[in-house]
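Trainee: let me see the structure of the following:
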Amino acid sequence: MSKLKVFLIFIVLPLVSFTGLHKYYVSVTEMEYVKKEKSVQIISRIFVDDFEAVLRERFDEGLTLMTDNEGDEIDYYIGKYLSDKLIVVINDYPKDFNFIGKEYEDDITLCYLEIQNIEEISSIKVENKLLYELYPDQKNIVRFKINGINKSILLVKENDKGLLNF
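Mentor: Next up is the predicted model:
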């Protein structure tokens, strides 16, 4: 048997056949400071099935996302969940955000949030605990675009806070 066949059979085939068995859990939250509007605009991207599972566990077992007849209670649950799990501190002051709404893009829920009345940002601290209660290996990426500077942090259950100074 040729070396290439041996390589394919013993190395590549097992890797390819087992990659579908493990699911990855990740969310991406983008925070952009828009100085002229004095606001921090936030978009959180969360897989629909994972988000639905955590909202069912926490609020309503019959809840279903991505349906034509979603009621106002789903937006309420999403806003409540995000405000409990996503904490933002700007210049050493905790800030509340407004849940603007959500939309779906393929298998992703895009949640739109905004923090208003922000004159300037010298530091921002983020605590992101999205989905940890159901998925301990969840990873939450937070991307920042503040004062013309782009930075990213990776948060995990054991280290769910990040602080950036500008």
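Trainee: which residues touch the longest helix seen in the chain?
Mentor: Longest helix of the chain, by residue count under DSSP state H: helix 72-85. Contacts of helix 72-85 with the rest of the structure, by C-beta atoms under 8 Å, 6 or more residues apart in numbering, involve 44, 51, 54-55, 58-60, 63, 65, 96-97, 99, 101-102, 109, 111, 113, 128-130. Heads up, the C-betas are built off the backbone N, CA and C, glycines and all.
Trainee: residues touching the residue nearest the centre of the chain, list them.
Mentor: For the chain, the residue nearest the mean C-alpha position is S27 (3.3 Å; C-alpha atoms, centre = their mean). Applying C-beta under 8 Å, 6+ apart to S27 gives the contacts 44-47, 128, 130-131, 138-141.
Trainee: tabulate these (JSON lines), appending distance to S83 and pLDDT.
Mentor: What follows is the contacts of S27, written out as JSON lines (distance: C-beta to C-beta, whole Å; pLDDT from 0 to 100):
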{"residue": "S44", "distance to S83": "12", "pLDDT": "98"}
{"residue": "R45", "distance to S83": "17", "pLDDT": "97"}
{"residue": "I46", "distance to S83": "15", "pLDDT": "97"}
{"residue": "F47", "distance to S83": "20", "pLDDT": "95"}
{"residue": "N128", "distance to S83": "12", "pLDDT": "97"}
{"residue": "L130", "distance to S83": "12", "pLDDT": "97"}
{"residue": "L131", "distance to S83": "15", "pLDDT": "96"}
{"residue": "Q138", "distance to S83": "18", "pLDDT": "96"}
{"residue": "K139", "distance to S83": "21", "pLDDT": "96"}
{"residue": "N140", "distance to S83": "16", "pLDDT": "97"}
{"residue": "I141", "distance to S83": "20", "pLDDT": "97"}
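Trainee: just the buried residues from those, in PyMOL please.
Mentor: For the buried members of these, the matching PyMOL selection, counting by 16 or more other C-beta atoms under 10 Å, is:
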select buried, resi 44+45+46+47+128+130+131+138+139+140
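Trainee: most widely separated two among the contacts of S27?
Mentor: F47 and N128 (15.1 Å; C-beta to C-beta).
Trainee: E133: what secondary structure?
Mentor: Under DSSP: H, G, I helix; E, B strand; the rest coil, the three-state class of E133 is coil.
Trainee: pLDDT below threshold where in the chain?
Mentor: Within the chain, the segments meeting pLDDT under 70 span 1-22.
Trainee: for it, just list every one of the helices.
Mentor: Using DSSP H, helices in the chain cover 3-7, 13-18, 48-58, 72-85.
Trainee: about what we covered before: okay, and the beta partners of the residue nearest to the centre of the chain?
Mentor: Here S27 sits in beta bridges with I46, N140, going by DSSP bridges.
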